[in-house]
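Engineer: what follows is a predicted structure for the sequence shown.
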Amino acid sequence: MLGTSTRTFIAQACALPPVSLAAAFDRAVSLRRAGGKEASRALKLSAIDNSQLERAVSAALLPRADELDDFRPGLHSDAKSAVVIAARAVEKSAQLTPEQYALLVTPFVVVGLDVPFTPAEQRAHGGSSPSPDGSEGGVG
């Protein structure tokens, strides 16, 4: 079963407007060349977990398929890919270094989505840590 943080992330990411989902996908593609591909490969999900995650993202985005593809052809598929990759990072953040985690969730941080802390960040800061801008919140 997917964790609460992952389910929340999926719901929030899939509710983003088309312009934000397009920007997140474009950023994910650019970061893939900067280590995102290797970071994504570091994640090991069971077949059951991966299937649940992909079904949750598909179910959330399917009702918006026409809206997304009207905004930009192929955006429905692009958004699904970007959300699935970031959601895997949220679900299995303990398997990633902080740098790998940041690479995989940054596409959504830059469009204004708060993402959960990694377990190491939670331990280091007693459950909450400041974001880079000094405010309280998740990565970003």
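Structural biologist: Cool, the structure landed.
Engineer: can you give me the neighbour number for the closest residue to Val111 other than its chain neighbours?
Structural biologist: Of all residues not flanking Val111 in the chain, Ser20 sits nearest, at 4.1 Å (CB to CB, 6 or more residues apart in numbering). (Each C-beta comes from the backbone N, C-alpha and C, glycine too.) Residues contacting Ser20 under the criterion other CB atoms under 10 Å number 18.
Engineer: pull the distance from whatever helix or strand Ser20 lives in to the chain's centre.
Structural biologist: In the assignment (DSSP states H and E), Ser20 maps to helix 18-31. How far helix 18-31 lies from its chain's middle: 11 Å, per CA atoms, centre = their mean, to the nearest Å.
Engineer: and that helix, what other elements does it pack with?
Structural biologist: Using 3 or more CB pairs under 8 Å, 6 or more residues apart in numbering; DSSP states H and E, the elements in contact with helix 18-31 are helix 65-71, helix 75-91, helix 98-109.
Engineer: how close does the closest residue to Met1 other than its chain neighbours get to Gly3?
Structural biologist: Of all residues not flanking Met1 in the chain, Gln52 sits nearest, at 7.1 Å (CB to CB, 6+ apart). Gln52 is 11 Å from Gly3, where distance means CB to CB, to the nearest Å.
Engineer: more neighbours: which of those two?
Structural biologist: When neighbours are counted by other CB under 10 Å, Gln52 and Gly3 differ, and Gln52 comes out ahead with 17 against 14.
Engineer: spatially central residue for this protein, please.
Structural biologist: Geometric centre of the chain, nearest residue: Ala86, 2.5 Å, by CA atoms, centre = their mean.
Engineer: okay, how far is it across stretch 10-23, tip to tip?
Structural biologist: End-to-end distance of stretch 10-23 (CA to CA, to the nearest Å): 16 Å.
Engineer: contacts for that stretch, please.
Structural biologist: With contact meaning CB atoms under 8 Å, 6 or more residues apart in numbering, stretch 10-23 is reached by 2, 24, 53, 56-57, 60-61, 64, 67-68, 71-72, 75, 78-79, 82-83, 86-87, 107-108, 110-114.
Engineer: sounds good, over and out.
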